[in-house]
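Engineer: sequence and predicted model, in that order:
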Number of protein chains: 2
Amino acid sequence: MTRALLLVAVLATPAFAETLRSGSFTLELPLGLQAGAAYVPDQNPLSADKIALGRLLYFDPRLSKDGTISCASCHIPFHGFTDPHPTSEGVGHQHGTRNSPTVINRLFAKEQFWDGRAADLEDQAKGPMVNPVEMAMPSHDAVVQRLRGIAGYAPLFKKAFGTEEITIDRVTQAIASFERTVVSGNSPYDRYQAGDKDALSPAAVRGAALFDGKANCRTCHTGFNFTDESYHNLGVGMTGPKPDLGRYEITKVDSDRGAFKTPTLRDVALTAPYMHDGSEATLREVVEFYNRGGNKNPWLSKEIKPLGLSPREVDDLVAFLESLTGDVTGLEPPPALPK
Amino acid sequence: MTRALLLVAVLATPAFAETLRSGSFTLELPLGLQAGAAYVPDQNPLSADKIALGRLLYFDPRLSKDGTISCASCHIPFHGFTDPHPTSEGVGHQHGTRNSPTVINRLFAKEQFWDGRAADLEDQAKGPMVNPVEMAMPSHDAVVQRLRGIAGYAPLFKKAFGTEEITIDRVTQAIASFERTVVSGNSPYDRYQAGDKDALSPAAVRGAALFDGKANCRTCHTGFNFTDESYHNLGVGMTGPKPDLGRYEITKVDSDRGAFKTPTLRDVALTAPYMHDGSEATLREVVEFYNRGGNKNPWLSKEIKPLGLSPREVDDLVAFLESLTGDVTGLEPPPALPK
């Protein structure tokens, strides 16, 4: 399934722990991330040239109809690779209906988008370019034509793929390769787990215990990346006249009505607002949402049991969530785009 | 100088500590903020109606030439009331040269802008509306005419100011009143200071000691709001062909060349990128900037002495800075704008 080889290395700096090898490329993973969980498709192994090209494409607004919107416009590096607005603004000041999901640690997943409709990051990258309220290009052919008109790209495609040919698959393979290097770990929580007992406050330590125990967060936010990569209906955004049915639109399975993918909680303190529709403003509000048993609505497939957390326990859980802010890579835009 | 009266109240919830009274309005301040330091001009006491009107105006893009840019477009609530881009995008996709400063806790200051060219928040609010690369209105008269054309505003001005008359001074008084209610406190650091020794990690406690001691941060980041509200030259952005001279452009005093106002550090983990030009990507990079003695350049009025922090001490200082993320008010946009 994946060509990625695993190498668990003991490095001098404790900030990195495991190393991912894919093709000829080696990616050092910050403390807390597990190389064995990475997914790199066989047909798109990582390479330094593909990553460098993908970084340029990720930040290039010329991939949009009017040259104003890049991947980075809505998945903003300095906002945890999300958008501080509940919904993002696309070409012509249009808005979609869902909050921009993070690019961080998507290396550790196959399916992408809130509803999982893309099989991998390559497939995901194809969507926004031709979404009429996002980058609004008329077709993938038009994207390719646009890039063929920028002379500086051809040699970079040659370096990355062997020939100068620009195709939509190469474009999305490069973007996906860059995105797989956007990883976050080495958070206070990770350092605590690795033995540095000074890294967390007693409040955050209590919050971690609540997270695993009384608050049941681990039901969905499993593993080192704090997500089961699965879909759940929390009843969020289901009370209006036209509720977003989420995963149901893909599977047409009744139990998927209003279900959305569990997001990672790494760097979650940086990615407000929250939920698939951006309807919760702060981490405290999210915790209080669960604590009261969610929003009552007729679509809820399974009741959320109120958690019975005391105000101090809510504080503790928030302190724990804030301890998941780590070192993230890929923040800086390239110094210049090809001409 | 100020009509604000002080009331130090012991409240049931420890999340609030002091209370600011201005006119007939009472503002509860989150733990850690000092009501006595608030500045509310005599001619613009707070009132609930002015704050409500100001909130609408703050979020209203019709204050800009093409109806696309509001105050909130660049001072984005969910990004610590700053912008995740080094410079913000104004009307027609234009960019200025400085990173959007935060609105948070500006209640505790008179002078505004990175160079302090506005005497108060009222004066500050006048700037962006007619800045050609920001909201780009041709004149303040044009702003007033635009608002007079929106029938729903007149009764709100009457409630706030006694008559329906719309003037630029009323507009900015209302916006400033809303902004004075955007406050952040009750951070883990504040709770630790108030006696909850569980609120900080040992790393953050060590970081707090470094902040006050070895790292000399308190030289400029003084007091409960972590700013002296004064101007200092760190040599940031002074190496290019056209350096931004900052405070010097206002005072024409040589020692103000390249000097910019000390920003608050409250909620600083949420406001990347950093420095007046957005040139540092992460808090760690900012700490490393100081640790190496800043950037060498011919304009530096005073050398920054390298701090000599060990890697662990850098971690500790970052942990302390991250502990300054608090509860912030004013995040939610109004449900609807006047028609």
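Structural biologist: The structure has been received and is ready for your questions. Numbers count the residues shown, from 1 in each chain, chains lettered A, B, ... in the order given.
Engineer: who in chain A is up against chain B?
Structural biologist: With C-beta under 8 Å from any C-beta of the partner chain as the criterion, chain A meets chain B at residues A:68, A:76-79, A:84-85, A:93, A:188, A:196-204, A:206, A:269-270, A:272-273, A:281-282, A:284, A:319, A:322-323, A:325, A:327-328, A:331-332. The way it works is simple: take the backbone N, C-alpha and C, and place the C-beta from them, glycine included.
Engineer: what's the domain layout of chain A?
Structural biologist: Using automatic domain parsing, the domains assigned to chain A come out as A:1-42, A:47-183, A:186-322.
Engineer: I'd like the average pLDDT over the first one.
Structural biologist: Over the span of domain A:1-42, the pLDDT mean works out to 76.
Engineer: cool, and the second one?
Structural biologist: Domain A:47-183 shows a mean pLDDT of 97 in the predicted model.
Engineer: got the contact list for the residue in the stretch 201-339 of chain A that chain B sits nearest to?
Structural biologist: Among all residues of the stretch 201-339 of chain A, residue A:202 sits closest to chain B, at 3.6 Å; criterion: C-beta to the nearest C-beta. Neighbour list for residue A:202: B:197-199 [criterion: C-beta atoms under 8 Å, 6 or more residues apart in numbering or on different chains].
Engineer: going through the residues of chain A next to chain B, which ones are buried?
Structural biologist: A:68, A:76-79, A:84-85, A:188, A:196, A:198-204, A:206, A:269-270, A:272-273, A:281-282, A:284, A:319, A:322-323, A:325, A:327-328, A:331 (16 or more other C-beta atoms under 10 Å in any protein chain shown).
Engineer: what about the residues of chain A next to chain B, which are in helices?
Structural biologist: A:188, A:202-204, A:206, A:284, A:319, A:322 (DSSP state H).
Engineer: got these as a markdown table, with distance to residue A:290 columns?
Structural biologist: Supplementary listing: these in a markdown table, determined by distance: C-beta to C-beta, whole Å:
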| residue | distance to residue A:290 |
| --- | --- |
| A:188 | 22 |
| A:202 | 22 |
| A:203 | 18 |
| A:204 | 18 |
| A:206 | 17 |
| A:284 | 11 |
| A:319 | 16 |
| A:322 | 16 |
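Engineer: looking at those, which is nearest residue B:158?
Structural biologist: Checking these against residue B:158 by C-beta to C-beta gives residue A:284 as the nearest, at 36.2 Å.
Engineer: A helix includes residue A:290, no?
Structural biologist: Yes: according to DSSP: H, G, I helix; E, B strand; the rest coil, residue A:290 belongs to a helix.
Engineer: so which of the contacts of residue A:202 reach chain A?
Structural biologist: Of the contacts of residue A:202, the ones that also sit near chain A (C-beta under 8 Å from any C-beta) are B:197-199.
Engineer: the residue lying closest to residue A:87 once chain neighbours are set aside - how many residues pack around it?
Structural biologist: Closest residue to residue A:87 apart from its sequence neighbours, by C-beta to C-beta, 6 or more residues apart in numbering or on different chains: residue A:95 at 4.5 Å. By the measure other C-beta atoms under 10 Å in any protein chain shown, the count of residues near residue A:95 is 13.
Engineer: now swap in residue A:163 and tell me
Structural biologist: Burial of residue A:163 is recorded as 10 neighbouring residues (other C-beta under 10 Å).
Engineer: same deal with the one 5 residues further on?
Structural biologist: Taking other C-beta under 10 Å as the criterion, the count of residues near residue A:168 is 19.
Engineer: which residues touch it?
Structural biologist: Contacts of residue A:168 (C-beta under 8 Å, 6+ apart): A:126, A:140-141, A:143-144.
Engineer: mark which of the residues you listed are buried, thanks.
Structural biologist: A:126, A:140, A:143-144.
Engineer: which single one of the ones in helices among the residues of chain A next to chain B is nearest to residue B:160?
Structural biologist: residue A:284 (30.4 Å).
Engineer: got a pLDDT number for the closest one?
Structural biologist: Confidence at residue A:284, expressed as pLDDT, is 97.
Engineer: ok, the one 4 residues further on next?
Structural biologist: Among the per-residue scores, residue A:288 holds a pLDDT of 97.
Engineer: what sits closest to residue A:212 if chain neighbours are left out?
Structural biologist: Residue A:212's closest residue in space is residue A:218 (C-beta to C-beta, 6+ apart), at 5.3 Å.
Engineer: where does the stretch 151-300 of chain A dip in pLDDT?
Structural biologist: A:297-300 (pLDDT under 70).
Engineer: strands along that one, start to end?
Structural biologist: With DSSP state E, counting those that start in this stretch as the criterion, the stretch 151-300 of chain A has strands at A:184-185, A:231-233, A:259-261.
Engineer: which residues touch residue A:161?
Structural biologist: Shown in contact with residue A:161 (C-beta under 8 Å, 6+ apart): A:50, A:170, A:173.
Engineer: please apply the same query to residue A:274.
Structural biologist: So residue A:274 contacts A:99, A:268, A:280-283, A:285-286 (C-beta under 8 Å, 6+ apart).
Engineer: turn those residues into a markdown table, including distance to residue A:228.
Structural biologist: A markdown table is the format used below for the contacts of residue A:274 (distance: C-beta to C-beta, whole Å):
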| residue | distance to residue A:228 |
| --- | --- |
| A:99 | 19 |
| A:268 | 16 |
| A:280 | 20 |
| A:281 | 25 |
| A:282 | 24 |
| A:283 | 20 |
| A:285 | 23 |
| A:286 | 17 |
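Engineer: which of those residues ranks first by neighbour count?
Structural biologist: Counting by other C-beta under 10 Å, top hit in these: residue A:99 with 27 neighbours.
Engineer: now that one. Nearest residue, chain neighbours left out?
Structural biologist: residue A:278 (3.8 Å).
Engineer: what's the helix or strand for the residue nearest to residue A:65 when sequence neighbours are not counted?
Structural biologist: Among residues not flanking residue A:65 along the chain, residue A:136 sits closest, at 4.0 Å (C-beta to C-beta, 6+ apart). If you go by DSSP states H and E, residue A:136 is not part of any helix or strand.
Engineer: tell me the contacts of residue A:136?
Structural biologist: Residues in contact with residue A:136 (C-beta under 8 Å, 6+ apart) are A:64-66, A:69, A:90-92, A:94, A:130.
Engineer: change it to 10 Å
Structural biologist: For residue A:136, the contacting residues are A:64-66, A:68-69, A:90-92, A:94, A:128-130, by C-beta atoms under 10 Å, 6 or more residues apart in numbering or on different chains.
Engineer: quick check: it vs chain B, distance?
Structural biologist: 15 Å (C-beta to the nearest C-beta, to the nearest Å).
Engineer: tell me which stretches of the stretch 1-150 of chain A form strands.
Structural biologist: For the stretch 1-150 of chain A, strands defined by DSSP E, counting those that start in this stretch occupy the ranges A:5-8, A:16-22, A:25-30.
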